[in-house]
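A.B. asks: pasting the sequence and the predicted coordinates here, then a few questions.
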Amino acid sequence: MVTRRRLPRAFFERPTLQVARQVLGQRLVRLEPEGGRLAGLIVEAEAYVGSEDLGCHARAGRTARNASMWGPPGHAYVYFTYGMHWMLNLVTEREGFPAAVLVRALLPTEGVEVMRRRRRGRPERELTDGPAKICQALAIDRELDGHDLCNPDSRLFLEAGPGVPEQAVTTGPRVGLNSVAEPWKSIPWRFQVRPEYIPSLAEEEQTP
DNA sequence: AGCACGATTAACT
DNA sequence: GTTAATCGTGCTC
């Protein structure tokens, strides 16, 4: 049974590690201007926590690019990197403290054909299995940086999904921090749904 | 004004 | 396993 309760700001206004864990199995929804609805269950996320975290963009202080991370929780922090890719983060904790959860992978559930077109005909398993792929499939870019995910009129938001039990979650070091100093490089702030659990997630998501 | 680099991806050996 | 693609950003001169 697919329910459509939007996650409230209180969900995001918590310690970032909790949000990164709890966001697994929740539904990311993108409403298209034409009226279409794209959605997927979050199956991988990472926590980036404060200016002390040398893996976090906030390490160098507040800049025009990372300003959204200092803003209120429940907003999007969308940034551009590698000259071609956009990344979606969910801002967490209290306003004034820079922290966010990077959404790294989704199980696509609604609007798959639209996603496939945006992803240039790639197979379904490659539609949203990376942070930049998600932004491509869901048409997320700079326009959505700072966007309030909890506003009722928002075209990008989270809905309460089935969630995942503890035994279905694995943790490990965050990806792509190759030149970052320890302990930040190896600290296990990456949260993933175990691949073998994903079929049952997909099953729970089906509408009777 | 110039420059090194990046929370990645796709293609290739 | 390796590497090119591609450019906004933030730092230095």
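C.D. replies: Ah, there it is.
A.B. asks: could you use CA atoms for every contact and neighbour count after this?
C.D. replies: Will do.
A.B. asks: give me every residue in chain A lying close to DNA strand C.
C.D. replies: Listed as neighbours of DNA strand C in chain A under the rule C-alpha under 7 Å from any atom of the strand: A:60, A:61, A:63, A:64, A:65, A:66, A:80, A:81, A:82, A:83, A:84.
A.B. asks: quick check: the two most widely separated of the residues you listed?
C.D. replies: Longest distance between any two of those is 23.8 Å, between A:61 and A:84; criterion C-alpha to C-alpha.
A.B. asks: the two: which is more packed in?
C.D. replies: residue A:61 (13 against 7; other C-alpha atoms under 10 Å).
A.B. asks: DNA strand B versus the more buried one, what's the distance?
C.D. replies: Residue A:61 sits 12 Å away from DNA strand B, going by C-alpha to the nearest atom of the strand, to the nearest Å.
A.B. asks: can you tell me the closest non-neighbouring residue to that residue?
C.D. replies: With C-alpha to C-alpha, 6 or more residues apart in numbering as the criterion, residue A:61 has its nearest non-adjacent residue at 6.7 Å, and that residue is residue A:51.
A.B. asks: which ones are touching that neighbour?
C.D. replies: A:57, A:58, A:59, A:60, A:61, A:98 (C-alpha atoms under 8 Å, 6 or more residues apart in numbering).
A.B. asks: okay, the residues of chain A next to DNA strand C in JSON lines with pLDDT next?
C.D. replies: Formatted as JSON lines, these follow (pLDDT from 0 to 100):
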{"residue": "A:60", "pLDDT": "90"}
{"residue": "A:61", "pLDDT": "94"}
{"residue": "A:63", "pLDDT": "96"}
{"residue": "A:64", "pLDDT": "95"}
{"residue": "A:65", "pLDDT": "96"}
{"residue": "A:66", "pLDDT": "97"}
{"residue": "A:80", "pLDDT": "97"}
{"residue": "A:81", "pLDDT": "97"}
{"residue": "A:82", "pLDDT": "96"}
{"residue": "A:83", "pLDDT": "96"}
{"residue": "A:84", "pLDDT": "96"}
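A.B. asks: buried ones among the residues you listed?
C.D. replies: The neighbour count (16 or more other C-alpha atoms under 10 Å) marks residue A:66 as buried among the residues of chain A next to DNA strand C.
A.B. asks: so which of the residues of chain A next to DNA strand C are in strands?
C.D. replies: A:80, A:81 (DSSP state E).
A.B. asks: farthest-separated two in the contacts of residue A:51?
C.D. replies: Distance extremes for the contacts of residue A:51: the farthest pair is A:60 and A:98 at 11.2 Å, using C-alpha to C-alpha.
A.B. asks: what about residue A:10, neighbour count?
C.D. replies: So residue A:10, with other C-alpha under 10 Å, has 12 neighbours.
A.B. asks: for the one 3 residues further on, same thing?
C.D. replies: Using other C-alpha under 10 Å, residue A:13 is surrounded by 18 other residues.
A.B. asks: which one is it nearest to, not counting chain neighbours?
C.D. replies: Of all residues beyond its chain neighbours, the one nearest residue A:13 is residue A:93 (4.3 Å), with distances taken as C-alpha to C-alpha, 6+ apart.
A.B. asks: check what pLDDT that neighbour gets.
C.D. replies: pLDDT recorded at residue A:93 is 98.
A.B. asks: this completes my enquiry, with thanks.
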